[in-house]
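**Q** Any chance you could fold what I've pasted below:
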Amino acid sequence: MSNVLHVNSQEFNELLSNNEVVFVDFYANWCGPCKMLAPSIEKLADEHPEVKVVKIDVDQEQTLAMQYQVQSIPTLITFKNGQPVARQLGFIPYETLESMIQ
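**A** Predicted coordinates:
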């Protein structure tokens with residue numbers, strides 16, 4: 001079973017209000033680099049249960065994508081205490097994903 005959460009904007013806002021570390025993958029089903037990144041996102045969620053790993057479909061949650069200025073996908077953002085603290089665009093290696101949650 002996957003530890004990656006697929007959330008809507010209300011669920012996402014609730015996660016941010018819990019003051020947890022939240023790692024977000026803004027993606028789309030039609031996006032090739034997003035599909036290439038998916039196994040690494042799953043691995044991150046499995047190896048770091050202390051972090052809430054979340055996927056947000058930009059086609060379904062356009063308002064949320066605009067709120068966080070997502071202009072290309074994948075866009076990866078780490079939130080701590082409800083605030084964005086790290087941001088990467090595009091396909092990146094697993095080690096870089098891990099460094100985003102440290």
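
**Q** all contacts plus neighbour counts: C-alpha atoms, from now on.
**A** OK.

**Q** Tell me the bridge partners for the residue positioned nearest the centre of the chain.
**A** What sits nearest the mean C-alpha location of the chain, by Cα atoms, centre = their mean, is residue 24, with 1.5 Å. Note on residue 24: beta-bridge partners by DSSP bridges are residue 54, residue 77.

**Q** Just list the residues touching it, thanks.
**A** By Cα atoms under 8 Å, 6 or more residues apart in numbering, the contact list for residue 24 reads 53-56, 76-79.

**Q** and the residues you listed as JSON lines, adding distance to residue 16 and neighbour count?
**A** Shown next, in JSON lines, are these (distance: Cα to Cα, whole Å; neighbours: other Cα atoms under 10 Å):
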{"residue": "53", "distance to residue 16": "12", "neighbour count": "22"}
{"residue": "54", "distance to residue 16": "11", "neighbour count": "24"}
{"residue": "55", "distance to residue 16": "14", "neighbour count": "20"}
{"residue": "56", "distance to residue 16": "14", "neighbour count": "22"}
{"residue": "76", "distance to residue 16": "15", "neighbour count": "22"}
{"residue": "77", "distance to residue 16": "12", "neighbour count": "23"}
{"residue": "78", "distance to residue 16": "11", "neighbour count": "24"}
{"residue": "79", "distance to residue 16": "7", "neighbour count": "22"}
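
**Q** closest to residue 17 among these?
**A** Nearest to residue 17 among those is residue 79, at 10.6 Å by Cα to Cα.

**Q** who's in contact with that closest one?
**A** 16, 20-24, 85-86.

**Q** what about 10 Å?
**A** Contacts for residue 79 (Cα atoms under 10 Å, 6 or more residues apart in numbering) come out as 15-16, 19-24, 51-52, 85-87, 100-101.

**Q** Which of the residues you listed sits closest to residue 71?
**A** Residue 71 has its nearest neighbour among the contacts of residue 79 in residue 87, at 12.4 Å by Cα to Cα.

**Q** Surely the closest one is in a strand?
**A** Yes - judged by DSSP: H, G, I helix; E, B strand; the rest coil, residue 87 forms part of a strand.

**Q** So residue 88 sits against residue 76, correct?
**A** Yes - counting by Cα atoms under 10 Å, residue 88 does reach residue 76; the two are 5.2 Å apart.
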